[in-house]
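# how would this look folded up:
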Amino acid sequence: MTERARTEPQRGPIIISRHGRPALNRNLGPKLSWQEYRQWWEKYEISPLDEGQDVPDALCDAVRDVDLVLSSGRRRAIETAMRATQGRKPVSNEVFNEAPLPPPRFQKRRYLPKTWNVLARIAWLAGHKLDGESVFEARSRAVQAAQTLHEAAEGQSVYLAAHGWFNRMLRGPLRERGWICVRDGGDSYWSFRVYEYRGDS
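Down below sits the predicted model:
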């Protein structure tokens, strides 16, 4: 072992999960106009977790002994972090909030929320933002969020409960900082990824 390896604190790992299933169900009707979907999304953003769901054992095991618990500022993420860690209150930070879903202004069209989710994400990636955060602003925020995680993981392990799309946006900035995804659990509710540090500092 080199002198450098003995003196430098170990980083991580970083464990990042998506939140559990929210109480507001995107698969249910009625079909909505684009204006009604905006209102639905605002309600979704403050929605708690749905009742009657268990935290997967794999996630509980992965975060059982973690040093630092983080979450986005959304209730569903905060509750996810607490449930996965047996009641530990996370340090919440809005830098980890989900990327917005501004619906395209289709007139005389009505869709289920799950369909609007897809249409809104496609439109957002193409530059549509209504009055919210643009894709370029969200990418900049993802860089800031990755740096926050990188610094938080110095000398300790970190668990972050956040959101499906934004978690994906973190992958590139984390990789640029030397973090390698060694477990990719996908993007479903309660899924998680594990990152290990392979960088130089």
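# Need the single longest helix in this structure, by residues.
Identified as the longest helix of the chain according to DSSP state H is helix 135-152.
# After that helix, which helix or strand is next?
Once the chain leaves helix 135-152, the next helix or strand it forms, by DSSP states H and E, is strand 158-162.
# quick one on the thing from earlier: the longest helix of the chain packs against which elements?
The contact analysis (3 or more Cβ pairs under 8 Å, 6 or more residues apart in numbering; DSSP states H and E) places helix 135-152 against strand 68-71, strand 158-162, helix 164-169, helix 171-176. Every residue, glycine included, has its C-beta placed from N, CA and C.
# Could you list the low-confidence segments of the protein?
1-9, 201 (pLDDT under 70).
# As a check, name the ranges of all helices in it.
Using DSSP H, helices in the chain cover 3-7, 34-45, 57-63, 75-84, 113-125, 135-152, 164-169, 171-176.
# Check what contacts stretch 178-193 and list those residues.
With Cβ atoms under 8 Å, 6 or more residues apart in numbering as the test, stretch 178-193 has contacts from 12-21, 53, 55-56, 58-59, 62, 80, 150, 164, 167-168, 171, 174-175, 194-200.
# now these: which count as buried?
12-21, 55-56, 59, 62, 80, 150, 167, 171, 174, 194-195, 197 (16 or more other Cβ atoms under 10 Å).
# any idea how far Leu130 is from Pro103?
From Leu130 across to Pro103, the span is 8 Å (Cβ to Cβ, to the nearest Å).
# Tabulate the helices of the chain in TSV, adding columns for distance to Val182.
Shown next, in TSV, are the helices of the chain (distance: least, Cβ to Cβ, whole Å):
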stretch	distance to Val182
helix 3-7	20
helix 34-45	31
helix 57-63	11
helix 75-84	19
helix 113-125	27
helix 135-152	15
helix 164-169	15
helix 171-176	12
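# My guess is Phe96 contacts Ala81. True?
No - look at Phe96 against Ala81 with Cβ atoms under 8 Å: they stay out of range, at 10.6 Å.
# Overlap in contacts, the two.
70-71, 160.
# how many neighbours does Ala123 have?
For Ala123, the neighbour count with other Cβ atoms under 10 Å is 19.
# excluding its backbone neighbours, what's nearest it?
What sits nearest to Ala123 in space, not counting adjacent residues and going by Cβ to Cβ, 6 or more residues apart in numbering, is Pro104, at 4.4 Å.
# What's the separation between that neighbour and Ser72?
According to Cβ to Cβ, Pro104 and Ser72 sit 25 Å apart.
# Tell me which of these two has more neighbours.
Neighbour count, other Cβ under 10 Å: between Pro104 and Ser72, Ser72 has more, with 26 against 15.
# The more buried one against Glu98, yeah?
Yes - contact criterion Cβ under 8 Å: Ser72 and Glu98 qualify, at 7.0 Å.
# and for those two, which residues touch both?
If you check Ser72 and Glu98 against Cβ under 8 Å, 6+ apart, the residues they both contact are 162-163, 166.
# hmm, back to that, correct me, but the residue nearest to Ala123 touches Trp34?
Yes - with contact defined as Cβ under 8 Å, Pro104 counts as touching Trp34 (6.8 Å).
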